[in-house]
Every structure is written in structure tokens, then in C-alpha cells.
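[1] how would this look folded up:
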Amino acid sequence: MALHITGDTAADDLLTHNPLALLVGMLLDQQVPMETAFAGPLKIEQRTGASDAAAIASMDPDAFLEAFTQTPAVHRFPGSMAARVQTLCQTIVDDWGGDAAAIWTRPSTGSGTGPDGPEVLRRLKKLPGFGEQKAKIFLALLGKQYGFTGDGWREAAGEYGEEGSFRSVADIVSPESLTKVRENKKAMKAAAKTAK
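    Residues are numbered from 1 along each chain as shown. As a prediction, this is how the structure comes out:
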């Protein structure tokens, strides 16, 4: 398994091998191009030396913000997004022992097996910065590209779980698929404007 989201080998490699980086990339994926959002975790690691939840959560907020604002900025809204990343990391420390992957791998209470799709969706929606849509997109990304096989993940992810769709980052596996996702998003925005 190897992700190909950003077009940058080092950034994609971090996303592939560090579940926290993938979660942070998803958190950053708003009001910036997808590649910029998902390249953010590598910038954070390069500038802070931190790549795990406990280290990021415990950093001085001003120092962490400084890392976000260096050129090129991690996000176009560095202040609010730096705080959100630290809040997300603190939640992962508090609720998941610092292990981001536990969100989709830790068995449900009383069950010896991993969680199903609806349970992972519930867990994702409890994370700060993850609303319904973001949680569904991330669940689809886990199922389509990250090896998550929990029962009912496609149904829980809704339209983002559909096979062969080009709706979100979950469907980006090449430059061609990135183009298709962009075109689909543009068409959806145009349709939403027309409907108003």
C-alpha cells in the first residue's frame, strides 16, 4: 500500500506510514488545495521534528504556530489550524493513548475483532475538526486505500465509499484521478450555485 495524494514522494511516504500524518492531512483539508493540506504533515515534521501526537500536543503553542507560518505556510489560516492540529493530537493522546491508528484498529468494547465501519465513523466524528462529511471522506480513504476492511465501511462512508467515484481525496491514486476529483468537485460547486 502506498498513497499518492500530494505529488511529493516524501509527503506521500509520510502519509502512507504515519497514521497521525494522514489524520492531520485530513484535518487541514479545508479552504486549501488537497495537495497543500496533505503535504502539511511533512512540513510540520520537518519544521518541528515532531511526528507523534504526544510531541505535537505538548509543544509550546507559539513555537508550533511559528512552524505553521514559515514560508510556504502549512495552511492559509495558520493560527486557527495550528491550534486545531494540537487539539486533535491532544485528543488522540487522551482518548487513544497517542495511537492514531487505534481509531480504526482497536476492537470495540467487548468484541475481539476490529471495529466495523459505522463504529469507525462514530469515532472519527468525535475528533475535533471532524464533522460528518470529513469523517465519511476519511473512512472512505481508509477503506479504499489504507487497508481498512471493517464490515459496512462503504455504507457508512455514504457516497464517498462508492467504488469508481471521483468525489474526494479517497479516490486519488494518480495524477489522472486527481484531475477527475478536481473536475467533479468543480461540477458539484457549480451545481450547488445554480440550485441557490
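[2] right, and Asp29 touches Val169 too?
    Yes - using C-beta atoms under 8 Å, Asp29 is in contact with Val169, at 6.5 Å. Any C-beta I mention is one placed from the backbone N, CA and C, and that applies to glycine too.
[3] tell me, what's touching these two both at once?
    By C-beta atoms under 8 Å, 6 or more residues apart in numbering, Asp29 and Val169 have these common neighbours: Phe38.
[4] identify the residues contacting stretch 172-185?
    Here stretch 172-185 makes contact (C-beta under 8 Å, 6+ apart) with 4-5, 7, 34-35, 145, 165-169, 171.
[5] how about stretch 40-49?
    Residues contacting stretch 40-49 (C-beta under 8 Å, 6+ apart): 8, 10-11, 14-15, 18, 20-22, 24-25, 28, 50-51, 55-56, 59, 63-64, 67-68, 70, 72, 74-75, 85.
[6] kindly report the same for stretch 15-22.
    Outside stretch 15-22, the residues that touch it by C-beta under 8 Å, 6+ apart are 1-3, 5-6, 14, 25, 38, 41-42, 45, 51-53, 89, 92, 99-101, 141, 146.
[7] for the spatially most central residue of the chain, what are its contacts?
    By C-alpha atoms, centre = their mean, the chain has its centre lying nearest to Met26, at 2.2 Å. Neighbour list for Met26: 37-38, 130, 134, 137-138, 141, 169 [criterion: C-beta under 8 Å, 6+ apart].
[8] and the buried ones among the contacts of stretch 15-22, selectable in ChimeraX?
    In ChimeraX, a selection of the buried entries from the contacts of stretch 15-22 looks like this (16 or more other C-beta atoms under 10 Å):
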select :3,5,6,14,25,38,41,42,45,51,52,53,89,92,100,101,141,146
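[9] mind checking which of the contacts of stretch 15-22 land in helices?
    Secondary structure from DSSP state H places 14, 25, 38, 41-42, 45, 53, 89, 92, 141 of the contacts of stretch 15-22 in helices.
[10] what pLDDT, on average, does the helix ranked longest in the chain get?
    Determined from DSSP H, the single longest helix within the chain is helix 175-195. For helix 175-195, mean pLDDT rounds to 87.
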